[in-house]
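> Any chance you can model this:
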Amino acid sequence: MNIDDSSQLRPCTSCQICGAVCPTSAISIKLNKDGFYRPVINEDKCIDCGLCVKSCYKFDDNIKSITDLESKTLYAAWAKDPDIIKVTTSGGIADILAKTLIDKGYECIGVGYDTDANCAVGKLATTLDETDEFRGSKYIQSHSVDVFKTLVRTHKKQKFAVFGLPCQIYAIDRYLRTKGIRENHILIDLYCHGCPTLNLWHKYIKEILDKTGGSRVISVNFRSKIRGWGNFYVVVVVDGVEHPVRIVSPRINDPFFDLFFSDTLLNESCYDCSLRGTLEYTDIRLGDFWGKSYVNNHMGVSGITLCSPIGHEIFNMIRPYIEYEKQNFNNFLPYQSFGKTYRLPEDIRLKLFEQLANTGIPISLSLKTYKKSLTIKKKILTEAKNIIKLMPNGLISSIKGIAYSLRK
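Modelled structure (predicted):
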């Protein structure tokens with residue numbers, strides 16, 4: 001029995017743990033035509049040991065659900081050091097955690113951006129400086145099988161702190177428990193919305209390079225604070241023809257984020273992901289503290305959910321470096337994707353996949369195709385949101401505050 005067995009219960013999450021645990025290297029991880037990472041089996045190498053299945057979400061008929069939140073603790077927090085807040089996506093908590101855990105003897109696994117391949121990549125940090133590559137959210141799937149192989153190969157002699165999405169952390173938790181050494185490692189995941197096809201990102205970057213005449217990307221910030229925390233702007237620096245060129249995504253009608261938040265191009269498993277709505281496989285879950293509580297904060301506030309005794313211990317380690325306030329989950333979870341399911345829009349999803357695969361179709365046309373599919377009500381709502389995005393930050397915050405109040 002291997003990862004392609006027909007008895008699977010759910011679609012693939014692209015976590016890639018199967019490729020890491022395979023003892024014969026029979027499983028490689030490749031992008032499929034729709035832009036998602038999938039395992040590919042070399043049947044000549046497969047020995048049907050079943051190790052891949054034991055760690056796989058697709059085959060688990062007993063996903064733990066969270067029965068209550070009373071055993072979990074939520075804090076709103078941000079770094080005391082303003083320089084950390086400036087260079088991170090939210091309140092800088094992941095950065096502080098990574099550096100603290102390095103100091104405590106852990107090796108950290110996180111995600112960086114490969115500017116040559118234009119993709120997110122799982123990386124290993126053994127020094128404080130190396131954790132800098134983890135800064136900033138990456139709104140795309142990461143290719144992490146290689147760094148997970150390092151964990152599988154050395155987990156008995158080395159302590160790891162792993163930062164990843166709920167599906168990745170679930171798989172690693174399950175693997176470590178089969179080895180009886182889960183308590184030796186620290187797992188930190190994120191409040192996840194879902195991952196879009198990489199075809200969207202690749203076309204987005206290609207059009208930027210074509211527009212600027214650049215040959216390669218120098219840096220990417222998926223959610224820059226150039227216009228304050230709480231806004232979604234991509235900043236890409238390319239080499240340009242004569243000198244580096246910085247491209248800042250527009251305030252409205254940005255194809256990447258508009259299509260990402262349309263939920264039409266997510267991995268199939270993301271639409272009804274059980275792991276997004278449980279806290280039973282992680283020690284700490286991090287996210288932006290959206291909602292009314294900090295609507296006027298434009299620097300960045302993180303939500304820290306402590307899910308295990310070791311999670312509490314780690315939080316105590318970072319207390320000296322952060323400002324924090326204990327919070328009620330009612331002020332936080334309604335503004336996350338926690339426990340939510342999305343409708344799978346099959347027709348428009350397939351049409352957009354076809355367009356993204358066609359190099360002759362610009363990404364702007366795909367955005368128009370999506371908007372044409374909206375109901376009149378959603379079209380009006382979208383235009384209203386676009387008008388608000390063009391307003392000054394102070395006014396946007398006031399409008400958000402009113403909207404948050406009306407939702408209760």
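
> make it CA atoms for all contacts and neighbour counts henceforth
Noted.

> any idea how far the closest residue to residue 138 other than its chain neighbours lies from residue 7?
Spatial nearest neighbour of residue 138, chain neighbours left out: residue 222 (5.9 Å); criterion: Cα to Cα, 6 or more residues apart in numbering. Separation of residue 222 from residue 7 (Cα to Cα, to the nearest Å) stands at 38 Å.

> So between these two, which is more surrounded?
residue 222 (20 against 10; other Cα atoms under 10 Å).

> can I assume the more buried one is in contact with residue 135?
No - contact criterion Cα atoms under 8 Å: residue 222 and residue 135 do not qualify, at 10.5 Å.

> Let me see the ranges of the helices in this protein.
Counting by DSSP state H, the chain has helices at residues 17-21, 51-54, 82-87, 93-103, 145-154, 166-178, 198-212, 255-260, 309-318, 346-357, 363-372, 376-389, 393-407.

> Between these, which one is closest to residue 65.
helix 166-178 (12.3 Å; Cα to Cα).

> Relative to the whole chain's centre, how far out is that closest one?
Distance of helix 166-178 from its chain centroid, counting by Cα atoms, centre = their mean, to the nearest Å, is 16 Å.

> again with stretch 130-147
Distance, centroid of stretch 130-147 to centroid of chain: 9 Å (Cα atoms, centre = their mean).

> Please apply the same query to stretch 336-343.
The answer for stretch 336-343 is 14 Å, by Cα atoms, centre = their mean.

> Equivalent analysis for stretch 356-368, please.
The chain centroid and the centroid of stretch 356-368 are separated by 24 Å under Cα atoms, centre = their mean.

> Stretch 171-184 now?
On Cα atoms, centre = their mean, the centre of stretch 171-184 falls 22 Å from the chain's centre.

> What of stretch 317-332?
Counting by Cα atoms, centre = their mean, stretch 317-332 comes out at 21 Å from the chain centroid.

> for residue 353, what are its contacts?
The contact partners of residue 353, taken as Cα atoms under 8 Å, 6 or more residues apart in numbering, are 34, 265.

> try 10 Å this time
33-35, 197, 199-200, 264-265, 366 (Cα atoms under 10 Å, 6 or more residues apart in numbering).

> So which of those residues is surrounded by the most neighbours?
residue 265 (27 neighbours).

> Not counting its neighbours along the chain, what's nearest it?
Spatial nearest neighbour of residue 265, chain neighbours left out: residue 196 (5.2 Å); criterion: Cα to Cα, 6+ apart.

> quick one: the one you found and residue 236, what's the gap?
Distance of residue 196 to residue 236, computed by Cα to Cα: 19 Å.

> neighbour count winner among these two?
residue 196 (27 against 20).

> so the more buried one touches residue 258, yeah?
No - the pair residue 196 and residue 258 does not pass the contact test of Cα atoms under 10 Å, sitting 11.4 Å apart.

> Identify the bridge partners of the residue nearest to residue 265.
Residue 196 forms beta bridges with residue 266, as assigned by DSSP bridges.

> Enumerate every residue touching it.
Contacts of residue 196 by Cα under 10 Å, 6+ apart are 34-36, 139-141, 256-257, 259-268, 270.

> State the pLDDT value of residue 404.
For residue 404, the model assigns a pLDDT of 85.

> What is the neighbour count of the residue nearest to it when sequence neighbours are not counted?
In space, residue 404 comes closest to residue 292 once its chain neighbours are excluded; the distance is 5.8 Å by Cα to Cα, 6+ apart. Neighbour count for residue 292, taken as other Cα under 10 Å: 18.

> any idea how far residue 292 is from residue 362?
Look at residue 292 and residue 362: by Cα to Cα, they are 38 Å apart.

> Would you write out the PyMOL command that picks the buried residues out of the contacts of residue 196?
Command for PyMOL, covering only those of those found buried under the criterion 16 or more other Cα atoms under 10 Å:
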select buried, resi 34+35+36+139+140+141+256+257+259+260+263+264+265+266+267+268+270
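
> Was I right to think residue 39 contacts residue 11?
No - between residue 39 and residue 11 there is no contact under Cα under 10 Å: 12.0 Å.

> higher neighbour count, the two?
Between residue 39 and residue 11, residue 39 has the larger neighbour count (other Cα under 10 Å), namely 21 against 15.

> Report the contact partners of the closest residue to that one other than its chain neighbours.
Closest residue to residue 39 apart from its sequence neighbours, by Cα to Cα, 6+ apart: residue 29 at 4.7 Å. By Cα under 10 Å, 6+ apart, residue 29 lies in contact with 14-20, 36-41, 143-146.

> Which residue, other than its chain neighbours, is closest to residue 236?
Residue 236's closest residue in space is residue 220 (Cα to Cα, 6+ apart), at 4.6 Å.

> cool, residue 126 as well?
Excluding the flanking residues, the one nearest residue 126 by Cα to Cα, 6+ apart is residue 107, at 5.1 Å.

> partner residues bridging that neighbour?
Per DSSP bridges, the residues bridged to residue 107 are residue 160.

> so how far is residue 63 from the spatially closest residue to residue 60 that is not a sequence neighbour?
Nearest in space to residue 60, with sequence neighbours left out and distances taken as Cα to Cα, 6+ apart, is residue 9 at 7.5 Å. Residue 9 sits 11 Å away from residue 63, going by Cα to Cα.

> Give me the common contacts of the two.
In contact with both residue 9 and residue 63: residue 57, using Cα under 10 Å, 6+ apart.

> These two: who's more crowded?
Between residue 9 and residue 63, counting by other Cα under 10 Å, residue 63 is the more crowded of the two (14 against 11).

> Point out where this structure drops to low pLDDT.
Low-confidence segments of the chain (pLDDT under 70): 408.
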